[in-house]
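Participant: Next come a sequence and a model predicted from it.
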Amino acid sequence: MPADRLAAVWDTTTATLGVAVLALPSDADAPRDSDDLDREETGPDPGPPVLADWSVPVLELPPGAGPPVPPEGTRASPSVAALRAVDALAADLVTRGRLLPAPDEEDGAAGPRLVWRPVLQGPDLVAADTLAAALPPVCRCEQVPGEEPASAAAVVEAALGAAVDARARARVTGTDELATAPDWAHALGDEPVLGDPAPPDGLVAGLRRWAVVGAPHAGPARASFRLDEVVADEFHHALDDPEPLFRLTFALQSAQDPSLTVDADTVWRDPTALRRWLDDPAEVLLGELGRAARVYPELGDALRVPRPGGMDLDLAGAHHFLAHVAADLDRAGFGVLLPAGWRAGPARLGLAAAGGHTERPDGVVDTGAKIGKDDLVDFSWRLAVDGEELSNAEMDALVRAKAPLVRLRGRWVALDPDRLRDGLAFLAERRDRPTVGDVLHLAVTHPDDVPAPLPVESLRLDGELGDLLAGGTTLEPLDTPPGVRATLRPYQRRGLSWLAFLARLRLGGVLADDMGLGKTLQVLALESHERDGTDRADDRGPTLFVCPTSVVSTWRREAERFVPELRVAVHHGAGRAHPHEAADGADLVVTSYGTLVRDTDAFADLAWRRVVLDEAQMVKNNRSRGAKAVRRLDAEHRLALTGTPVENRLAELWSIMDAVNPGMLGSVSAFRERYAVPVERHGRVDVAEDLRRRTRPFLLRRLKTDPTVVDDLPEKIETVERCGLTAEQASLYRVVVDEMLDKLDDVEPGIERRGRVLAAMTKLKQVCDHPALLLHDGSPIGRRSGKIARLEEILGEVLAAGDRALLFTQFAAFGDMLAPHLAARFDTEVAWLHGGMSRRARDTMVERFQRGDGPSLFLLSLRAGGTGITLTAAQHVVHLDRWWNPAVEDQATDRAFRIGQKRTVGVRKLVCAGTLEERIDDLIAGKRELADLAVRDGEDWLTDLSTAELAQVLTLDAEPEEVDDDDGA
Amino acid sequence: MVRETRSGPRFSERFEEFGKRKPVEDGIVARSRRGAIGESWWSGRFLAVLTRLGVGGRLDRGKTYARAGQVIDLAIEPGAVTATVQGSRDEPYRARIGLRVFADEAWDAVLDALAADSWYAAALLAGEVPDDLEDVLARVGLSLFPQGSGELPMDCSCPDWSVPCKHLAAVAYLAAEEFDVDPFALLRWRGRDRATLLAALRDRRDAGAGSPTGLADLLDRFHRPAVPIPDPPGYARAPASDGLLDELPPLEVGGEDVREVLRPLYRRMAEPPA
């Protein structure tokens, strides 16, 4: 084809026309067509071609321009693709800066030139060598008179060098960077000759030294081994169960750059190409293979050929390699490449159990009946590999497998043959159906204690049992029992359902809802639910509530208020009888931890339907007297209530769980070793998760922030907390009441009487807060106030949850006392906002609290802090004493409960049981239900009561609650 | 053993026993400090020939000599191990242990067999005489090891008439240690040094590799690549296109560091033209 037609076809403007002598495969009279041309066969077979030189018109392309793209509808010969690949490598080298300036060894007449030389190292060297290996012979066909025909490597090297030089020059020519460079640097742009002015001394020699750095090198080499599965060919596909075949490919790998790897076959085919890297690549490879054969003797057999490229492995051989040899080779310093997804060591074998459908032990399928502990569960065991449960087909494949190497879910895994055999034997034995109790026991038992040869990795149950294992939140909620005088919120109905389910199975539980979510109400609802309707006749004795002294009366009141039909007895205080008397005829017996410790023997003699441990953190120390006393109680069922199942250490959770399900979590020392140490000392999240999973069926904890609870929650939850009085408070209270009633008889109704009543009531409220408030004696706070004792319990929970609280009091003197006391008690800052502060000081205090970096406890005087400010950073409001007008309290509460508050606010009003506080609370509660009743401001309405009425309201009606010092200790 | 019985203990030997050996600086000291010398099975096979000669305490004294560094130099050459050994006299002795080299034709046959089975070269290159190399040699009627003392002519310039004397024994032990670490030394003794041997194997291997490079041999696939043309490397943009400059030694020219002159150009080049 004439050159001008060539140029026209290729449509290139950069090429120039020329003539070259090319050695081409030829017939007698002409070069033979490229075999890429699709020509119809014409004439007889011409016979084999011979190599002959021809003078041929050519297009000469400038270096770096890259071969032009073939015109539409034509196809370029592979030689064009090869040159394009060379050019692409050159462009890439320039982009990555893998090039160095060098003096051109053929000095031109005008002076020495500078050229850009590619720096071929590591993967680039392999890329260049691979290009040389791929270069079609036609690329080497140009004959230069007086020169040997170029080798493929030389052609690639020359083409790469020319392309790198041209591309680098093109990228810097005309740039600001070159314009500001010294004169000599322009020889790297479009003026290659280092001429005028003369290049600085030392430049040429220095650049020549640099060339050593840029010399191709890839460092020392080692053998590497790559294991691949050989894709079965058609012959193997024809077999029913073709055994997979593996190929272990030998290669040379740079020790410095593992990405530089050359297969042994390439080494054998063209060892010269690699000699730029290694002096004797073949000998290095052979020596390395010989060394590897010591580690892997089977390799020796594969070397019994002239040019070993690899070896075929059957399944057993591949398993041996994967399970043992690969690690040995790696340790011996060889490179090893394993199939994708392969993990070192045998896969983790475990057991997975699944079940659900239950049946009564007598075999009667009783739909609708409640599940009992002894019901049988349809249950099946399976193997699990790396935590994934196997299907029947996969297990069958395992049984049939000839080697413990199996293909599972797209990857190869090795299985420990002994463990696999044990696991399969275990599966074969386990045909009997376990009871519900067995299954739940299995769920919570640590793997080491399960009598199975493999760890039980998952337990999947359907139905109610599955709901329980999932944490109980998916159980069908129970309706509010008719005996409960309240409406349970949806999450409380789910809690009740969970409690009832556990109770039916006689399994202990820990109800660990956030405070304010109504744990007490849920337990009372359970008691009512169990006694509703038909079960009433089945009286299994009373339930014993054990709680801190400070809430004994709260429990009693709550029980009387929410489940009035249940008979509640309190066994507490100095005048208490034998617990047997309290238990007689009662549904619920309330006692304190202190009393339980003192009367342990008597309590232990009685049979209890249930023991409920309120504020169960009291038994978090399993060696405490309280915990020991609880363990001695004879109860069919045990529940623990706590807002903080773990305050400081995981062992506390063990204690609480052990108190309700003795022995379930194993011994305390085993627990420490398995869970506490890994989690607390080593921060093992997986272990913590495992513990959570095991205890989940028996521990229900809902947070106020839990989205499933949040929707159920009212915007604020108001509770009245009843506190006991200390003996000191009770006697002071009586003195004040008696004195007032005495004096009132002498006074006419009017201002004076009113004044006396108000004064007395103030005094009584002060006594309820703290005796020192009345006595003005500056005496220490100590443990003289039942209200402060309860307050400390509440605040302990608030702070443990990381929440903030507002505390309102109407007595500035009480705030003055309390602020330093609480600060010391909780080792935290307590803000105290009162009327004596400047506006600015108040604003600063409020701002800090809102910002979140200030104190967590904010004490406010009701008058100074009750209006005008926003304190939505608080989730809790505690009214330390009562203001008789609920509107004033509501206003104060609204400091926290305002626009901007996104969480539920818990509002607590502390009321001393049996005192005027409680009486007035009842009155206010009654009043609030009467919407049309206008409550007068202030406390005036009280003063209008007759002396007899006053006596009724004010007289202390209950035995004072003792505040024990040794609660649960 | 025959010689020993015939010659019996001689005066010269007794004399030598009491003669104090002269210390040698920078002598060749055996690595083995006690017990046997020669860890590998092949040096064991070689030494066994010596042991069968069983020349009284001379082997033990030779061992002591080897450990004391009395051998001044030692060369393993085709056909002979030669050494200079310092005894009790001022003039060191010349000791020589001969071994017949294989004929060239025999070597060709051996090399053909070795080239056909790369296991042998692999083991040798890994520093080991393959245990079945003797089978290959046996097929052409050869053995790597002398079959008896008759194939192991030894002589020493010392006055001791017994063969081997302690000097020859010391040389044999040190040669055995050399064979331990370099099995090619054993082959060199038999006539082919490592480079020659490997080159011969390489030629045979390459000849069989079937990768002709001459254009005339490639006419049937003149326009085709031998292996698929690789895709361009397609590297992501290098994190530092001027990283190569940091590997270079400083080059001060005209008061400027050439590396810093080039650095902006390299950064510029990292941006491919639009």
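Facilitator: Ah, there it is. Numbering: from 1, shown residues only, chains lettered A, B, ... in the order given.
Participant: Tell me, how many residues neighbour the closest residue to chain B within the stretch 501-650 of chain A?
Facilitator: Chain B sits closest to residue A:650 of the stretch 501-650 of chain A, with a gap of 45.5 Å, by C-beta to the nearest C-beta. C-beta coordinates here come from the backbone N, C-alpha and C atoms, glycine included. By other C-beta atoms under 10 Å in any protein chain shown, 19 other residues sit near residue A:650.
Participant: I'd say it and residue A:673 touch.
Facilitator: No: using C-beta atoms under 8 Å, residue A:650 is not in contact with residue A:673; the gap is 11.6 Å.
Participant: Could you report the pLDDT at residue 122?
Facilitator: If you meant another chain, say so; for now it's chain A. Note for residue A:122: predicted pLDDT of 66.
Participant: sorry, should have said chain B
Facilitator: pLDDT for residue B:122: 91.
Participant: Only alpha carbons, please: show stretch A:500-512 as CSV.
Facilitator: Coordinates of each C-alpha in stretch A:500-512 appear next as CSV, following Å, rounded to 0.1, in the frame of the first residue of the first chain:
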residue,chain,number,x,y,z
ALA,A,500,-45.9,-13.6,83.7
PHE,A,501,-44.1,-15.9,81.2
LEU,A,502,-41.0,-16.2,83.4
ALA,A,503,-43.2,-16.8,86.4
ARG,A,504,-45.0,-19.6,84.6
LEU,A,505,-41.7,-21.3,83.9
ARG,A,506,-40.5,-20.6,87.5
LEU,A,507,-37.6,-18.7,86.1
GLY,A,508,-36.2,-15.7,87.9
GLY,A,509,-35.9,-12.4,86.2
VAL,A,510,-34.3,-9.0,86.6
LEU,A,511,-36.5,-6.1,85.6
ALA,A,512,-34.0,-3.4,85.0
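Participant: The host helix or strand of residue B:47 close to chain A?
Facilitator: Secondary-structure assignment from DSSP states H and E places residue B:47 in helix B:41-53. No: shown here: helix B:41-53 not in contact with chain A (C-beta under 8 Å from any C-beta of the partner chain), separated by at least 13.9 Å.
Participant: Determine the next helix or strand in the C-terminal direction from that helix.
Facilitator: Following helix B:41-53 toward the C-terminus (DSSP H and E): helix B:58-68.
Participant: ok, back up a step: apart from its chain neighbours, what residue comes closest to the residue of the stretch 501-650 of chain A closest to chain B?
Facilitator: Residue nearest to residue A:650 in three dimensions, not counting chain neighbours: residue A:676, with 4.3 Å by C-beta to C-beta, 6 or more residues apart in numbering or on different chains.
Participant: Near chain A, which residues of the stretch 1-150 of chain B are found?
Facilitator: The stretch 1-150 of chain B has residues B:115-119, B:121-128 near chain A, with proximity defined as C-beta under 8 Å from any C-beta.
Participant: need those residues in TSV with neighbour count, can you?
Facilitator: Listed next are the residues of the stretch 1-150 of chain B next to chain A as TSV, based on neighbours: other C-beta atoms under 10 Å in any protein chain shown:
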residue	neighbour count
B:115	21
B:116	15
B:117	17
B:118	26
B:119	23
B:121	26
B:122	27
B:123	25
B:124	26
B:125	25
B:126	18
B:127	16
B:128	18
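Participant: I'd like to know which elements the helix holding residue B:47 is packed against.
Facilitator: Other helices and strands packing on helix B:41-53, by 3 or more C-beta pairs under 8 Å, 6 or more residues apart in numbering or on different chains; DSSP states H and E, are helix B:166-181, helix B:183-189.
Participant: quick one: contacts of the helix or strand following the last one?
Facilitator: Following the chain from helix B:183-189 toward its C-terminal end, the next helix or strand by DSSP H and E is helix B:194-209. When contacts are taken as C-beta atoms under 8 Å, 6 or more residues apart in numbering or on different chains, the neighbours of helix B:194-209 outside the stretch itself are A:268-269, A:271, A:280, A:282-283, A:306-307, B:107, B:111-112, B:114-115, B:118, B:121, B:182, B:184, B:187-188, B:192.
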